[in-house]
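Student: here is the input, now give the coordinates:
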Amino acid sequence: MRRLVPCLAVLAIAALAAGPALAGGSDIEGSEEDKELGAPYFGEAKDIRGLKPLEGVRISAQRKGNPLPVLASTDAEGRFRIPGFGKEVNSDDVTITCAKSGWKVVETERRKLAKDFDSPVEIECLLEKN
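Tutor: Take a look at the predicted model:
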């Protein structure tokens with residue numbers, strides 16, 4: 001047991017030093033393949049009362065002019081990540097919605113991380129129980 005505690009401490013420190021983890025467990029910039037896909041959409045869903053993370057919130061990303069949305073679901077930490085729709089797609093032409101049975105969306109906040117055309121877009125969904 002004495003040897004296990006230091007090992008766990010080293011693993012915890014290494015995980016923290018690895019850098020920020022975001023929705024879906026990946027970093028903002030993503031891989032080289034992700035960069036070819038254009039601006040990723042990432043964020044989290046929270047209960048507006050107490051701001052605790054919500055698991056199982058359905059996230060829908062719909063590109064203007066395309067009838068089929070891309071769907072994702074929040075993880076146990078309330079986070080999600082959706083890859084971009086292509087470098088030629090303006091992130092302003094993509095609508096993001098959040099939904100969870102028994103809950104209503106109070107607010108959906110959207111922030112581009114930079115003014116660039118293909119900058120990552122952060123989404124925060126705040127929900128309350130019906």
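Student: got any ranges where this structure has weak pLDDT?
Tutor: Scanning the chain for pLDDT under 70 picks out 1-35.
Student: let's go with 90 and repeat that
Tutor: 1-39, 50-51, 67, 86-92, 113-119 (pLDDT under 90).
Student: the strands in it, which residues?
Tutor: Taking DSSP state E as the test, the strands found in the chain are 41-47, 58-63, 70-73, 79-82, 94-99, 103-112, 121-129.
Student: rebuild these as a markdown table, extending it with distance to Glu88 and mean neighbour count.
Tutor: All C-beta spots, glycine's among them, are computed from the backbone N, C-alpha and C. Compiled in a markdown table, the strands of the chain are given as follows (distance: least, CB to CB, whole Å; neighbours: other CB atoms under 10 Å):
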| stretch | distance to Glu88 | mean neighbour count |
| --- | --- | --- |
| strand 41-47 | 16 | 23 |
| strand 58-63 | 11 | 18 |
| strand 70-73 | 16 | 16 |
| strand 79-82 | 17 | 23 |
| strand 94-99 | 12 | 18 |
| strand 103-112 | 17 | 14 |
| strand 121-129 | 16 | 18 |
